[in-house]
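Asks: what would the 3D arrangement of this be:
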Amino acid sequence: MTAIYTILLLIVSNIFMTFAWYGHLKLQELKISTGWPLFVVILFSWGIALAEYSCQVPANRMGFQGNGGPFSLMQLKVIQEAVTLTIFTIFVTVFFKGETLHWNHFAAFLCLILAVYLVFMKD
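Replies: Residues are numbered from 1 along each chain as shown. Now for the predicted structure:
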């Protein structure tokens, strides 16, 4: 169950982080944050990032083998990157209608799946 909780926390943390990094662009597109000074946009993003860290740090602590979890640091990082790109892809295709997926994006995802497979291979 620790592996599942770790991955779920990584998913939630990446949802928050994607909104922190790119949500302000959607707010700008919607003319909500157009007049915001950059420091306000940064503070807004930091507020969202605090929620991200509140999930990311426990996920890493819980999931790390050194703390009794099931994953090595390399495995945690590759899982996190796979989750990040998956969440980002969903975010972009749902919230930014002008962005489309192309064959090279799918090829990159295939490479990412291969990376996850390779990092979990036993030496």
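
Asks: helices along the chain, start to end?
Replies: Assigned by DSSP state H, the chain shows helices spanning 2-29, 38-63, 73-95, 103-120.

Asks: pLDDT on the shortest one, on average?
Replies: Model confidence over helix 103-120, given as mean pLDDT, is 86.

Asks: how about residue 69, nearest residue that isn't a chain neighbour?
Replies: residue 63 (4.2 Å; CB to CB, 6 or more residues apart in numbering). Quick note: C-beta positions are derived from backbone N, CA and C, even for glycine.

Asks: burial measure for that neighbour, as a count.
Replies: As a burial measure, residue 63 scores 25 neighbours (other CB atoms under 10 Å).

Asks: now do the same for it: its pLDDT.
Replies: 97.

Asks: I'd say it and residue 4 touch.
Replies: No. In this structure, residue 63 is not within contact of residue 4 by CB atoms under 8 Å, at 10.2 Å.

Asks: gap between the residue nearest to residue 69 and residue 76?
Replies: Applying CB to CB, to the nearest Å, the value for residue 63 to residue 76 is 5 Å.

Asks: please apply the same query to residue 119.
Replies: 10 Å.

Asks: when the two are compared, which one has more neighbours?
Replies: Taking other CB under 10 Å, residue 119 and residue 76 do not tie; residue 76 has more neighbours (21 against 17).

Asks: and residue 114, how many residues sit next to it?
Replies: Other residues near residue 114 come to 10 when the count uses other CB under 10 Å.

Asks: got the contact list for it?
Replies: Not one residue lies near residue 114 by CB atoms under 8 Å, 6 or more residues apart in numbering.

Asks: give the buried residues for stretch 75-93.
Replies: Within stretch 75-93, the residues scored as buried using 16 or more other CB atoms under 10 Å are 75-76, 78-80, 82-84, 87, 89, 91-92.

Asks: could I get the residues you listed as CSV with distance to residue 55 and pLDDT?
Replies: Compiled in CSV, those are given as follows (distance: CB to CB, whole Å; pLDDT from 0 to 100):
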residue, distance to residue 55, pLDDT
75, 18, 90
76, 13, 93
78, 18, 88
79, 14, 91
80, 11, 92
82, 16, 88
83, 11, 93
84, 13, 91
87, 12, 93
89, 20, 88
91, 16, 91
92, 21, 90
